[in-house]
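Visitor: below is the sequence, then the predicted model.
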Amino acid sequence: MKKSRLLIASPERRNACVRKLRIAPDAMNLARGFVFRGAGSLGDRLVRAWLAGEVDFVLSGTLVDEVARTLSVLGLDDASIALAVATLCSGDAIVAIRHQTMGCRDRKDDHLLEAALAGSARWIVSEDRDVLDLPRSVRTYLRSYGVEAIKLAEFLDILDVVRAAPDDALFSFDIVDPGFSCLVCDHPDHAEVACGSVAGDGLEPEECRCEGPAENLALAG
């Protein structure tokens with residue numbers, strides 16, 4: 001499984017590096033940020049970071065509509081919902097999408113992936129398992145464009161690292177491939193786990209044959 005890596009960039013990589021973080025958040029995280037303002041919730045921290053200019057949002061009209069519906073379900077009044085929608089639509093956060101099929105298990109989430117690609121987001125930030133546990137082919141496609149899906153807590157940890165760095169520090173966010181993964185369960189490294197299916201062996205097993213730590217197993221070959 002590929003991991004995000006946070007690095008202070010060397011001078012020769014300066015042109016390819018960024019300090020402001022660009023993400024495609026899902027509707028629930030945004031809605032919680034507007035409902036639980038001042039409560040110190042993860043959603044509140046996210047919205048505050050965006051309002052402070054530390055984070056760039058990539059949003060679509062479909063997502064904003066979903067935020068409005070979610071805010072209504074969470075009990076926000078119509079005037080507050082209208083203000084939240086107007087706030088999200090300010091600036092240049094909205095990108096156009098074509099409502100393409102992107103391969104999510106729940107097709108209603110496809111718009112989030114499409115917006116992330118259209119708006120050059122680095123991360124899709126969601127708590128939805130249908131977004132976090134994407135099919136392998138979809139994850140590979142997103143990673144080819146430098147996009148990964150992570151939880152909000154993970155993203156806020158990255159944001160905290162950026163905040164703590166010197167003002168002149170630049171960051172590079174690389175997707176790192178350790179060179180091994182199970183075709184089914186994505187165990188990341190054969191030094192840590194013995195799996196009967198190694199990526200690249202040309203086999204697509206019907207079920208995962210990972211059994212646990214490598215030191216407890218005899219690796220074939």
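Guide: Cool, got the structure.
Visitor: quick check: phi and psi on Leu59?
Guide: Per-residue torsions, Leu59: phi -130, psi 160 (degrees, to the nearest 10).
Visitor: meant to ask about Asp56, not that
Guide: According to degrees, to the nearest 10, Asp56 has phi -100, psi 130.
Visitor: tell me how far the residue lying closest to it once chain neighbours are set aside lies from Ser41.
Guide: Using C-beta to C-beta, 6 or more residues apart in numbering and skipping residues adjacent in sequence, the residue nearest Asp56 is Arg22, 4.3 Å away. (Each C-beta comes from the backbone N, C-alpha and C, glycine too.) For Arg22, the distance to Ser41 equals 22 Å [C-beta to C-beta, to the nearest Å].
Visitor: so Ser60 makes contact with Arg98?
Guide: No: using C-beta atoms under 8 Å, Ser60 is not in contact with Arg98; the gap is 10.2 Å.
Visitor: which residues are in contact with each of the two?
Guide: Glu114 (C-beta atoms under 8 Å, 6 or more residues apart in numbering).
Visitor: so for the two, which sits in the more crowded spot?
Guide: Ser60 (22 against 7; other C-beta atoms under 10 Å).
Visitor: quick check: closest non-adjacent residue to the more buried one.
Guide: Ser60 sits nearest to Ala115 (C-beta to C-beta, 6+ apart), 4.2 Å away.
Visitor: where along this protein do the strands fall?
Guide: Using DSSP state E, the strands of the chain run over 3-8, 21-25, 55-57, 123-125, 148-150, 171-176, 193-194, 212-213.
Visitor: now the first one: average pLDDT?
Guide: The one in question is strand 3-8. The average of the pLDDT scores along strand 3-8 is 38.
Visitor: swap in the fifth one?
Guide: Computed over strand 148-150, the mean pLDDT rounds to 95.
Visitor: quick revisit: thought the residue nearest to Asp56 was touching Arg122?
Guide: Yes: Arg22 lies in contact with Arg122 (C-beta under 8 Å); the separation is 5.4 Å.
Visitor: which of these two has more neighbours?
Guide: Each of Arg22 and Arg122 has its neighbours counted (other C-beta under 10 Å); Arg122 has more, 23 against 16.
Visitor: my read: that one touches Val55, true?
Guide: No: checked against C-beta under 8 Å, the pair Arg122 and Val55 is beyond contact range at 10.6 Å.
Visitor: residues shared between the contacts of those two?
Guide: With C-beta under 8 Å, 6+ apart, Arg122 and Val55 have common neighbours 21-23.
Visitor: quick one: these as JSON lines, columns for distance to Gly33 and pLDDT too.
Guide: Formatted as JSON lines, these follow (distance: C-beta to C-beta, whole Å; pLDDT from 0 to 100):
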{"residue": "Leu21", "distance to Gly33": "15", "pLDDT": "92"}
{"residue": "Arg22", "distance to Gly33": "17", "pLDDT": "94"}
{"residue": "Ile23", "distance to Gly33": "13", "pLDDT": "97"}
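Visitor: of those, which is the nearest to Arg163?
Guide: Leu21 (10.4 Å; C-beta to C-beta).
Visitor: how far away is that closest one from Leu63?
Guide: Leu21 is 18 Å from Leu63, by C-beta to C-beta.
Visitor: neighbour-wise, which of those two wins?
Guide: Leu63 (24 against 20).
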